[in-house]
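# What follows is a predicted structure for the sequence shown.
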Amino acid sequence: MDLLKIVDISDLDWLVERPTMDGECDIQLLHNNGLLSLPRDQQELTICDITFNAGIGFLKAWQYWIDHPSTSNPTKRLTYIAPVQNHLTRRALASLHGELPNLQLLSKQLVAAWPPPTPGFHLRSFMGGKVNLLMLQGETVKSFSNLNAKVDIWHLGRREKNKIGQAFDDTMLEQILRLSRSGSRILIDTPDDKARENLQNAGTELQHLESDTASQQVFIGTIKPSLPTKYPGAKWAAPGHSRPKDVAIIGAGVAGSFLADALIKKGISCTLFCSESRSTASKVPAAVLSPKFVREMSPMGRFIPSSYFHAIENEYIKHAMLPGGLMILPSYGLPQERLDSMFSLAPWDDEQMRQNSDGSLFIAQSGCVDTETMLKAMHHKFDITNATISDIRPNGDGWQLLDKNGDIIHSCDAVVFAAGYQDKLHSHLAPMAMHANRGQTSLIPAEELAEHPAGSIAFGGYLSPTIPGSDNNDIRLLGSSFDRWNGDDWQNTRPQDHLSLTDKLAEATGLDSPKNIPEKYWIGRRANTADHFPVIGPVPDWPAFSQAFTPMGIDAKRVQNLPRPPLLEGVYVLSGLGSLGFQYAPLLAEALVAEMTGGVMPIETPVRDLLHPARDTIRRIIRGQKTL
């Protein structure tokens, strides 16, 4: 397990740069030496600061982005990558930042968005996505090996002398070269001669700088043309080369809306297509955003909490979060002993989660999200067309969208399938083997639940706070059933599902549950996968893909000379979120846009491969099973 060293106020002596923060990335020094200029056609400046410490270098870079509008025009973005092995608590971070009054406005935003010390990649966005911080929490070289990015500027700053050799050994250098864009610039402020020697041997020409502010010798240089681009993950999952300017998104629910928001922030035009006749998971009046606890530190074990903490910082989710916080009660799926264990293992601050005297957990930032309020806040920014898309077909370098009559209703550079389950899946999606789960949520008059806690409750199901009903009478939502749809008439109400939830609620709370069968329900279907993971990434050209990777059926580990995966260039999917749309969609939308644009991938490479649309096909090839 990649455990981080947690640094609180009493431990701040470890930070050798305190209080002046010498050794953190000096953005003014970069500016003075012309290192911040971007090619005209490049929209994103990526800085990787190996000596992140308390994030002062990031705050200075953010302030610079504000102060220099010629650099930070609406189409330009700053992405700051920060490996973190010693994790400051929020209290310690605020204490250190208090010594820098000129950065207090930015500091407060960073402290508020500061992730807990859970290993993995943690993305935080500011200024409407113009400034982004990607914290790689864990051992630095391992984090770099799981990163897919191209860095414009490196800062190799001062560390404790006894760790310098470990920090800049050949393995670290190999990752720096792999992650560098051709002509990447480097600022090095370290007493370690070996680090400079390794860089020079790799072809980096370093120039000594005279500096009145730096306490160490400072060198700048340009890294020679980077190594040929090589995807660090599985060969069958290598990304495509699409760089769209106009994207059609099929589905205007939670997944499609977060994707559209991420695209617009990157300056990419998009149109959403939705069918009002479909009852999807995104039309439930409210649903719970509750953390999923994972013990193991596998790639998905790191991704799941990072996606949750990213979601609760999302501006739209925060806007639509119903008041009262979230109480997690012991249940059949989460017994008290596991709840106790998870609380003891979770390295969260008290304001993020606490355990009550009755053993339940309380999370102030979580709860039920008002779906309609959230989507309404997002949709005013997008072009939305009410139409059912029956098929797509290639059109030169782009794609055409067809209605049920085969008529063309839209042309675009790229298409993303972001809809929930459909009765007749497009042939482009069929090999992903998604299935539907039926969900039913009861709309109960609020007075029937007056004795229950007012906030959101998770108990194996969920109970929402009071919200206005369609007839202006207050209601609370009790949800949700989650059953594999077997092809029957899923739209009929099932009173037995409601009674099952009321029994679970009564058992968890010790309170009497409503006896009356409600008159109103929400019923819908959710797209799910056999392994319960979402599907995100480029859609393969399925026949060509299966043929290209057939040799993996002989010996998947030893097969050589596999080709790049045949893809339907410009066709992507973001689906299979099941009941975790609020948790997964915000981060996966950012990841898919990075995939489409060649930007910094905010999820680890092993996670991206695990979520790839072709993963089930690869499993079938390896097992010798039919793929189409």
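Perfect, thanks for sending it.
# ok now do the residue nearest to Trp490 when sequence neighbours are not counted, which residues does it touch?
Leaving aside its chain neighbours, Trp490 sits nearest to Arg438 (4.7 Å; criterion: Cβ to Cβ, 6 or more residues apart in numbering). Quick note: C-beta positions are derived from backbone N, CA and C, even for glycine. By Cβ atoms under 8 Å, 6 or more residues apart in numbering, the contact list for Arg438 reads Ser481, Phe482, Asp483, Arg484, Trp485, Trp490, Ile523, Gly524, Arg525.
# neighbours around Ile621, how many?
22 (other Cβ atoms under 10 Å).
# any idea of the mean pLDDT in the helix or strand hosting it?
Using DSSP states H and E, Ile621 maps to helix 615-623. The average pLDDT within helix 615-623 is 93.
# Can you spell out which helices and strands pack onto that helix?
helix 542-548 (3 or more Cβ pairs under 8 Å, 6 or more residues apart in numbering; DSSP states H and E).
# For whichever helix or strand comes after the helix it packs on, output the C-alpha coordinates as CSV.
Next in sequence after helix 542-548, counting helices and strands by DSSP H and E, comes strand 567-575. Provided in CSV are the C-alpha atoms of strand 567-575 (Å, rounded to 0.1, in the frame of the first residue of the first chain):
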residue,chain,number,x,y,z
LEU,A,567,-10.3,2.5,-33.9
LEU,A,568,-13.3,4.3,-35.2
GLU,A,569,-11.3,7.5,-35.2
GLY,A,570,-13.5,10.2,-33.6
VAL,A,571,-16.0,7.9,-31.9
TYR,A,572,-15.9,7.6,-28.1
VAL,A,573,-18.1,6.3,-25.2
LEU,A,574,-18.7,7.4,-21.6
SER,A,575,-21.3,5.0,-20.1
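# quick one on the thing from earlier: and for the helix holding Ile621, what's in contact with it?
234, 236-237, 431-433, 529-531, 540, 542, 545-546, 549-550, 552-553, 556, 609, 626-627.
# 10 Å instead?
234, 236-237, 431-434, 529-531, 533, 535, 537, 540, 542, 545-546, 549-557, 565, 609, 612, 614, 625-628 (Cβ atoms under 10 Å, 6 or more residues apart in numbering).
# For it, buried residues please.
Arg615, Asp616, Thr617, Ile618, Arg620, Ile621 (16 or more other Cβ atoms under 10 Å).
# Mind putting those residues into JSON lines with distance to Glu372?
As requested, the buried residues of helix 615-623 are exported to JSON lines (distance: Cβ to Cβ, whole Å):
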{"residue": "Arg615", "distance to Glu372": "34"}
{"residue": "Asp616", "distance to Glu372": "34"}
{"residue": "Thr617", "distance to Glu372": "37"}
{"residue": "Ile618", "distance to Glu372": "39"}
{"residue": "Arg620", "distance to Glu372": "40"}
{"residue": "Ile621", "distance to Glu372": "43"}
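# so which of these would you say is closest to Asn314?
Nearest to Asn314, judged by Cβ to Cβ, of the buried residues of helix 615-623 is Arg615 at 26.6 Å.
# separation between the closest one and Glu451?
47 Å (Cβ to Cβ, to the nearest Å).
# For the lengthiest helix in the chain, the averaged confidence score.
Longest helix in the chain, counting residues (DSSP state H): helix 581-597. Averaged over helix 581-597, pLDDT sits at 96.
# Okay, angle between it and strand 567-575 too, please.
With axes from the mean of the first three to the mean of the last three Cα atoms, to 10 degrees as the basis, helix 581-597 and strand 567-575 are set at 160 degrees to each other.
# Strands of the stretch 301-450 of the chain, start to end?
326-328, 354-355, 361-363, 367-370, 383-386, 391-395, 398-402, 408-412, 414-417, 435-445 (DSSP state E, counting those that start in this stretch).
# And for the stretch 51-200 of the chain?
Using DSSP E, counting those that start in this stretch, strands in the stretch 51-200 of the chain cover 77-84, 86-88, 120-126, 131-137, 151-156, 180-189.
# The fourth one: partners in the sheet, and parallel or antiparallel?
The one in question is strand 131-137. strand 77-84 (parallel), strand 120-126 (antiparallel) (DSSP bridges).
# Check the shortest one too.
Here the strand partners of strand 86-88, with direction, are listed using DSSP bridges: strand 5-7 (parallel).
# Flag every buried residue along the helix or strand that the strand it pairs with is followed by.
The C-terminal neighbour of strand 5-7 among helices and strands, as given by DSSP H and E, is helix 27-32. Within helix 27-32, the residues that count as buried by 16+ other Cβ under 10 Å are Ile27, Leu29, Leu30, His31.
# can you map out the helices along the stretch 401-550 of the chain?
495-509, 542-548 (DSSP state H, counting those that start in this stretch).
# if we can go back for a sec, packed most tightly, which of the strands of the stretch 301-450 of the chain would that be?
strand 414-417 (a mean of 27; mean count of other Cβ atoms under 10 Å).
# export it as CSV, just CAs?
Provided in CSV are the C-alpha atoms of strand 414-417 (Å, rounded to 0.1, in the frame of the first residue of the first chain):
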residue,chain,number,x,y,z
ALA,A,414,-16.4,13.4,-33.3
VAL,A,415,-19.2,11.5,-31.5
VAL,A,416,-19.5,10.4,-27.9
PHE,A,417,-22.1,7.9,-26.8
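# Determine the set of other helices and strands touching it.
strand 246-250, helix 254-265, strand 269-274, strand 398-402, strand 535-540, strand 567-575, helix 581-597 (3 or more Cβ pairs under 10 Å, 6 or more residues apart in numbering; DSSP states H and E).
# how far is it from where the chain is centred?
19 Å (Cα atoms, centre = their mean, to the nearest Å).
# Please apply the same query to stretch 77-87.
With Cα atoms, centre = their mean, you get 15 Å for stretch 77-87.
# would you put the C-alpha positions of that stretch in PDB?
The C-alpha trace of stretch 77-87 is given here as PDB (Å, rounded to 0.1, in the frame of the first residue of the first chain):
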ATOM      1  CA  ARG A  77      -4.900  26.800 -19.800                       C
ATOM      2  CA  LEU A  78      -2.400  26.100 -17.100                       C
ATOM      3  CA  THR A  79      -1.900  22.500 -15.800                       C
ATOM      4  CA  TYR A  80       0.400  22.100 -12.800                       C
ATOM      5  CA  ILE A  81       1.500  18.500 -12.000                       C
ATOM      6  CA  ALA A  82       2.700  18.000  -8.400                       C
ATOM      7  CA  PRO A  83       4.100  14.700  -7.100                       C
ATOM      8  CA  VAL A  84       3.300  14.500  -3.400                       C
ATOM      9  CA  GLN A  85       4.900  12.000  -0.900                       C
ATOM     10  CA  ASN A  86       4.600  14.200   2.300                       C
ATOM     11  CA  HIS A  87       1.000  15.200   2.600                       C
END
